[in-house]
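1. Mind looking at a prediction? Sequence and model below.
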Amino acid sequence: MKPEYLIHAEHLTVILCPLEKQHKILEHLKKEVLVAKLDNFAIIQKNWPMFPYLNLKDHVLLDVPEKEIKQDRLAYQEKLDISPSLLNCAAAELTSFEKVKLQLLHALLSKRNNIVIEDTFDELSVLEIQELLHLLSYLAHEENQGILLFTHDATIAQSPYIDRLEPAG
């Protein structure tokens with residue numbers, strides 16, 4: 001299963017399957033992205049791997065050209081509803097929702113237009129889920145992002161924000 005066949009430009013696509021199957025598919029996708037050096041892909045992870053020697057702001061801005069940082073960071077932070085002070089927090093202080101939004105910020109600043117999102121819904125409140133789905137739909141339709149979202153929750157997969165439902169293959 002090639003990642004580029006699963007993600008559709010300007011669509012929020014969901015793969016609905018049990019968590020165990022999600023882990024297998026995600027591991028396969030991660031390998032495909034690394035082997036094929038698909039640098040237009042970002043994978044938003046539940047357990048965000050952090051570099052212990054970088055502060056949070058430097059971690060979010062890692063590998064982002066200085067020009068993009070100056071031009072786009074504040075605009076994307078506003079669209080993602082990320083307070084500037086959040087970048088000065090310690091990583092251990094972040095909620096799951098904040099981690100997802102900061103990873104999205106990094107993906108946007110890095111000009112990644114294909115975003116794969118691991119199932120994090122069990123760790124989010126209902127309001128955070130609603131906000132995240134609205135945000136992902138906005139990114140797909142207004143920012144021309146192809147977004148592939150994993151979930152085991154049928155109510156999320158059937159949400160009006162979702163454009164496509166793909167089989168778990």
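-> Received the coordinates, thanks.

2. Identify the residue nearest the geometric centre of the chain.
-> Centroid check for the chain by CA atoms, centre = their mean gives residue 44 as the closest residue, at 3.9 Å.

3. contacting residues for that one?
-> Applying CB atoms under 8 Å, 6 or more residues apart in numbering, we find residue 44 in contact with 100, 103-104, 107, 115-118, 120. The C-beta positions use only the backbone N, C-alpha and C, and glycine is treated the same way.

4. So what are the sheet partners of the helix or strand that contains residue 148 and their directions?
-> Residue 148 belongs to strand 146-151 when assigned by DSSP states H and E. Partner strands for strand 146-151, per DSSP bridges, with pairing direction: strand 12-16 (parallel), strand 114-117 (parallel).

5. which residues touch the first one?
-> Contacts of strand 12-16 from elsewhere in the structure, counted by CB under 8 Å, 6+ apart, are 6-7, 22, 25, 133, 136-137, 140, 146-154, 156-157, 161-168.

6. How far off centre is it?
-> 13 Å (CA atoms, centre = their mean, to the nearest Å).

7. follow-up on the earlier one: output the contacts of residue 44 as TSV; include the columns neighbour count, pLDDT and distance to residue 70.
-> Below are the contacts of residue 44 laid out as TSV (neighbours: other CB atoms under 10 Å; pLDDT from 0 to 100; distance: CB to CB, whole Å):
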residue	neighbour count	pLDDT	distance to residue 70
100	25	97	24
103	20	96	21
104	25	97	19
107	24	94	18
115	24	94	23
116	26	93	28
117	25	95	27
118	21	94	30
120	22	93	30
